[in-house]
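# here you go, sequence then predicted model.
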Amino acid sequence: MAYDPLAHIDEDIRRRAARVGLLCLDVDGTLTDGRLYFDANGTELKSFSVLDGQGLTLLRRFGFHVALITARHSLVALKRGTELGLETHIGVHDKLACMDALAARHGLDRERTCFVGDDMPDLDCLLAAGLAVAPANAHPWIAERVHWITRARGGEGAVREVCDVLLAAQGHVETLLRGRAARDGRQA
């Protein structure tokens, strides 16, 4: 049975996903499992899913704008965002103003913006975005106010799930799979 990222997605979410041009992501609890690790020297450590990273890379390949917006001053988040070629904003006190500025810079309105977040600092963006998404392990106050809750937990493929839905809703999957087969020397 072929994987269909839209199989469990209702029509309203499909319509919203089909309009998205900008994906904004919280980091802790969304791209990570939300736990903060520190070594004996106080150096922060985080664990990121390579599935999420690949999904974000695929979105960028198809012309999506992708940004990380985090309130924490996290050099680890900055490094990961830079590594993936994402617009990365750390230490942001007003995430909504940042999201709006990014949308305006790319000629988009809020309806063409998707925000993925898991807790109270993300609420303003989630309430404003055209597509508001929370990972499966989001705080209940957030989960009850978004358009869609992923099946996966933050840091465990939730962002890849969002990326797959965006790609499928905008008709990029066949192109993606044909392109991969051609580059690998296989026939589709």
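Looks like it arrived, so ask away.

# going forward, measure contacts and count neighbours with C-alpha atoms only.
OK.

# can you show me the helices along the protein?
11-19, 50-61, 75-83, 95-105, 123-128, 140-143, 158-169, 173-184 (DSSP state H).

# low-confidence ranges in the chain?
Residues of the chain meeting the criterion pLDDT under 70: 1, 180-188.

# try it again with 50
When residues are selected by pLDDT under 50, those of the chain lie in 185-188.

# need the winner for burial among the helices of the chain.
helix 158-169 (a mean of 24; mean count of other C-alpha atoms under 10 Å).

# my guess is residue 162 contacts residue 150. True?
Yes: between residue 162 and residue 150 there is a contact under C-alpha atoms under 8 Å: 7.4 Å.

# measure how buried the closest residue to residue 153 other than its chain neighbours is and give me the count.
Of all residues not flanking residue 153 in the chain, residue 136 sits nearest, at 4.7 Å (C-alpha to C-alpha, 6 or more residues apart in numbering). Neighbour count for residue 136, taken as other C-alpha atoms under 10 Å: 19.

# got phi/psi on residue 136?
Main-chain torsions, residue 136, degrees, to the nearest 10: phi -60, psi -30.
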